[in-house]
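Participant: Predicted model, plus sequence, below.
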Amino acid sequence: MVETKVKKEQTPRAKMPEQSPDVRRRNFMEVPLGLTPEMAQTEASRCLQCKNPACVEGCPVSVNIPGFINKIVQGDFEGAAITLWQKNALPAVCGRVCPQEIQCEGKCILGKKGTPVAIGYLERFSADYAREKGTVELPKVASKTGKKIAVIGSGPSGLTVAGDLIVKGHDVTIFEAFHQSGGVLVYGIPEFRLPKAIVASEVSTLEKLGVKIETNSVVGATVTIDELFKEGYDAVYVGVGAGLPRFMNLPGENLIGVFSANEYLTRTNLMKAYLFPEYDTPVARGKNVVVLGAGNVAMDSARTAMRLGAESVKVVYRRSRAEMPARAEELHHAEEEGIEFVLLTNPVQFFGDEKGRLCGMECLKMELGEPDSSGRRRPVAIAGSEYTIECDLAVVSVGAQPNPLLTNATPEISLNKWGNIVAHPVTGKTTKKGVWAGGDIVTGMATVILAMGAGREAANSIHDYLTIGW
Amino acid sequence: MFKIVNREEMAQGTIVLNEIEAPRIARKAKPGQFVILQANEKGERIPLTMADVDPEKGTITIIYMIVGKSTAIFGKMQVGEDYFAVIGPLGKATHIEKKGKVVCVGGGTGIAVLHPITRGLKQIGNEVITILGSRNKDLLILEDKMAKASDTLYICTDDGSRGHHGFVTDVLKDVLEKEDIKLVVAIGPVPMMKFVSKITKEKGVETLVSLNPIMVDGTGMCGGCRVSVGGKTKFACVDGPEFDGHEVDYDELSKRLQAYQSDEKMSMDICKKAAVK
């Protein structure tokens, strides 16, 4: 036993094969290429198969991690995918975009002394294997209950709710505002991080199970929640995301060339502006690009700008490297691709030319002061440190707020002071009978997997409601 | 899906009307609201304010001028063909109330947007004076409908081929001089709305304008339709599309409408070359 353990710790963690930085910085193909079956089996054999697995506790949807990894060890890759699907409707997505380092892998016992098992890589491997093979059986659907559920929004939480409830025998219809389903997975996260064919495949699995999808339906405008109840729906799940971009209210912010990250990424990803003029929607292709903010969305914007042909891309952030909220992997990938981090620097105003086009951004240098309410050291401006960065494209990526379109049309749903829906922390029940909510519309901007976790809890609660009562 | 059930050409084929099946939207739409249309999967999302709705028939009507690749594709679609996507009704509806004497000023395809508002203002009991402008008599649209929706109708053409020889603002000045006007609604090209608002601001007459900036989603998600109104940034898609005409920064709006000028030209040129082949 002791001998095996030592051996497992000595096997180095699998290294993900990737497109080289100087090639990938100019194309939209996926950056990590995926593990080979041999690599996956070697990596899977590092798992200690703990009796009380801490990794599972670290997973918001409690995937049976040792279970699926054990299937990989045995060479049963399809079985691994089936084990994943028992708890996670979108494993190919989560294997790519989950912050494993603070969840499952962050808890892995191997990580205490060395490097944790590459759970994310293995999840991605199993899901991709099953999808590419296309032979894996769909989950069994329970006999029809005759109950109808409307799911508003087809992002990660909505898809999870739909998947869970269709399997339980309910009739599920998703209402999506855009012409294509997937929510942030299609409009926000770029192709090079999450190929859209994968999202389409996950959605099509749900459709095969019987989920109906009504695209082009803006609930709150095209139809209201009360009308859905009148049309015969028994329960409604609201998973509409955080869809209102925040700007910085700086002078010159309405110059041509200043974008919200939402607009920049939606044009590029959903509308496929990176394929313009084959696709009709254009996007500004900046020569000198600045990205304001330092989260994952900022990294996505910066890396997109590089792929659209920028000569220089600078991420401008008012705090220091240690406070950058993006995942370590994203920061690393961005730097490898030649993106510069301009830290402890705060934008003050934008300058434009006579045609109203952006030509520069004035910044102030900052230093770190005392810790603020978030526990992070507060950045303080250094007097007289103003200087100008030459730029023709600026992407404002400082977060998003809840979109009031749906909640304005549904006054019985209570909101907090930031406009987020007030939902029960476990069940997701809102203040309106028969209506649940989860994901970013409740929590503010968070991760795909947290939205999925909320969807899972809400689906259970909706099922109880439909079979037992409110 | 969103089938074209009626198609008409106006203004010598430069302006096209499409009546489209969209029952859910038709049931809800009110004057002043807009839809976003996409002709095909590779197409752009184009916002257009509705010219009419028929809730019983389940149809909406849009009227647009062919100005670029997307509207050229729209214009080629025939009765029986489908739009890939139509989303709406979006934006705030016009607040129609009884004011007394009101003036409706329209130019270009703005007249199509103005029509249901004019009709609504008259129905509720206002005395409506309408002033329409176009470059020449052949480019003027919806004259009969606007005449029916108004108590008095003035026509202006830049070349004098019909009605007053000159701009709508000339006639507006006269009307404001002679009548006690409580509200002006101006919908048309940005310069027209700008100069109408300038005149009415001097006279202190409340003025509504309807803006049509570049948009992507139309639901508040992208912020591409930012306009400065009274020094504050507004999203035309959810805060508008109608705003207090005296507060809008028209120069900024004009510039922002040119954001993709070179891309639009490239798209149109490729489109034309393909048509020649």
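Facilitator: Received, thanks. Numbering: from 1, shown residues only, chains lettered A, B, ... in the order given.
Participant: Flag the shaky bits of the chain, pLDDT-wise.
Facilitator: Just going to use chain A. Residue ranges of chain A with pLDDT under 70: A:1-9.
Participant: meant chain B actually
Facilitator: In chain B, residues with pLDDT under 70: B:276-277.
Participant: Quick check, central residue of it?
Facilitator: B:Gly110 (3.4 Å; CA atoms, centre = their mean).
Participant: who's in contact with it?
Facilitator: B:Gly110 sits next to B:187-189, B:192, B:210 when contact means CB atoms under 8 Å, 6 or more residues apart in numbering or on different chains. Heads up, the C-betas are built off the backbone N, CA and C, glycines and all.
Participant: In strands, which of those fall?
Facilitator: B:187, B:210 (DSSP state E).
Participant: Out of the contacts of B:Gly110, which end up buried?
Facilitator: B:187-188, B:192, B:210 (16 or more other CB atoms under 10 Å in any protein chain shown).
Participant: Kindly list the longest helix within chain A.
Facilitator: Of all segments of type helix in chain A, defined using DSSP state H, the longest is helix A:448-467.
Participant: other SSEs contacting it?
Facilitator: With contacts taken as 3 or more CB pairs under 8 Å, 6 or more residues apart in numbering or on different chains; DSSP states H and E, helix A:448-467 sits against helix A:91-97, helix A:156-167, strand A:235-238, strand A:435-437, helix A:440-443.
Participant: how many other residues sit next to the closest residue in space to A:Val442 that isn't next to it in sequence?
Facilitator: Nearest in space to A:Val442, with sequence neighbours left out and distances taken as CB to CB, 6 or more residues apart in numbering or on different chains, is A:Ala423 at 4.7 Å. A:Ala423 has 26 neighbouring residues, counting by other CB atoms under 10 Å in any protein chain shown.
Participant: And what about A:Ala423, helix, strand or coil?
Facilitator: Recorded secondary structure, A:Ala423: coil (DSSP: H, G, I helix; E, B strand; the rest coil).
Participant: what sits against it?
Facilitator: A:429-430, A:436-438, A:442.
Participant: ok, now with 10 Å
Facilitator: A:238, A:413-414, A:416, A:429-431, A:435-439, A:441-443, A:454, A:457-458 (CB atoms under 10 Å, 6 or more residues apart in numbering or on different chains).
Participant: And it, its phi and psi?
Facilitator: Backbone torsions of A:Ala423, given as degrees, to the nearest 10, read phi -130, psi 150.
Participant: Looking at the buried ones among the contacts of B:Gly110, which is nearest chain A?
Facilitator: B:Ser210 (17.5 Å; CB to the nearest CB).
Participant: Could you give the bridge partners of the closest one?
Facilitator: On the basis of DSSP bridges, B:Ser210 is bridged to B:Glu242.
Participant: can you give me the strands in the stretch 101-250 of chain B?
Facilitator: Remark: strands assigned in the stretch 101-250 of chain B by DSSP state E, counting those that start in this stretch are B:101-107, B:127-134, B:152-157, B:164-165, B:183-187, B:206-210, B:226-229, B:232-235, B:242-244.
Participant: contacting residues around the shortest one?
Facilitator: Outside strand B:164-165, the residues within contact range by CB under 10 Å, 6+ apart are B:131, B:133, B:154-159, B:170-171, B:174.
Participant: Give the burial count for B:Arg27, as a bare number.
Facilitator: 15.
Participant: hang on, it packs against B:Pro89?
Facilitator: Yes: counting by CB atoms under 10 Å, B:Arg27 touches B:Pro89, with 9.3 Å between them.
Participant: Now list whatever residues contact both of these two.
Facilitator: Contacts common to B:Arg27 and B:Pro89, judged by CB under 10 Å, 6+ apart, are A:222, B:53.
Participant: what sits against residue 257?
Facilitator: All of this is about chain A. A:Gly257 touches A:284, A:286, A:289, A:350, A:352-353, A:356-359, A:391-395, B:259, counting by CB under 10 Å, 6+ apart.
Participant: you looked at the wrong chain, it should be chain B
Facilitator: Taking CB under 10 Å, 6+ apart, one finds A:256, B:190, B:211-214 in contact with B:Leu257.
Participant: ok, for whichever residue of the stretch 101-250 of chain A sits closest to chain B, nearest residue in space, not its chain neighbours?
Facilitator: Relative to chain B, the nearest point of the stretch 101-250 of chain A is A:His179 (4.1 Å; CB to the nearest CB). Distances taken as CB to CB, 6+ apart place B:Ala85 nearest to A:His179, at 4.1 Å, with adjacent residues excluded.
Participant: Please tell me how far the residue nearest to the centre of chain B sits from A:Pro404.
Facilitator: 28 Å (CB to CB, to the nearest Å).
Participant: who does B:Ile4 bridge with?
Facilitator: With DSSP bridges as the rule, B:Ile4 is bridged to B:Ile20.
Participant: on that earlier part again, so which of the contacts of A:Gly257 is the closest to A:Glu18?
Facilitator: A:Val289 (23.0 Å; CB to CB).
Participant: If you count neighbours, what's buried in the helix or strand containing the closest one?
Facilitator: Per DSSP states H and E: A:Val289 is located in strand A:288-292. For strand A:288-292, the neighbour count (16+ other CB under 10 Å) marks A:288-292 as buried.
Participant: cool, and stretch B:48-65?
Facilitator: B:48-53, B:58-65.
Participant: what separates that stretch from the chain centre, distance-wise?
Facilitator: Centroid displacement of stretch B:48-65 relative to its chain, using CA atoms, centre = their mean, to the nearest Å, is 12 Å.
Participant: does any part of it sit near chain A?
Facilitator: No: judged by CB under 10 Å from any CB of the partner chain, stretch B:48-65 stays clear of chain A, getting no closer than 11.9 Å.
Participant: Mind jotting down where the helices sit in the stretch 301-450 of chain A?
Facilitator: With DSSP state H, counting those that start in this stretch as the definition, the stretch 301-450 of chain A shows helices at residue ranges A:328-336, A:404-408, A:440-443, A:448-467.
Participant: Who are the packing partners of the second one?
Facilitator: It stands for helix A:404-408. helix B:236-239 (3 or more CB pairs under 10 Å, 6 or more residues apart in numbering or on different chains; DSSP states H and E).
Participant: Show me what the helix it packs on is packed up against.
Facilitator: helix A:404-408, strand B:34-38, strand B:226-229.
Participant: of the contacts of A:Gly257, buried ones?
Facilitator: Buried among the contacts of A:Gly257 by 16+ other CB under 10 Å: A:284, A:286, A:289, A:350, A:352, A:356-359, A:391-395, B:259.
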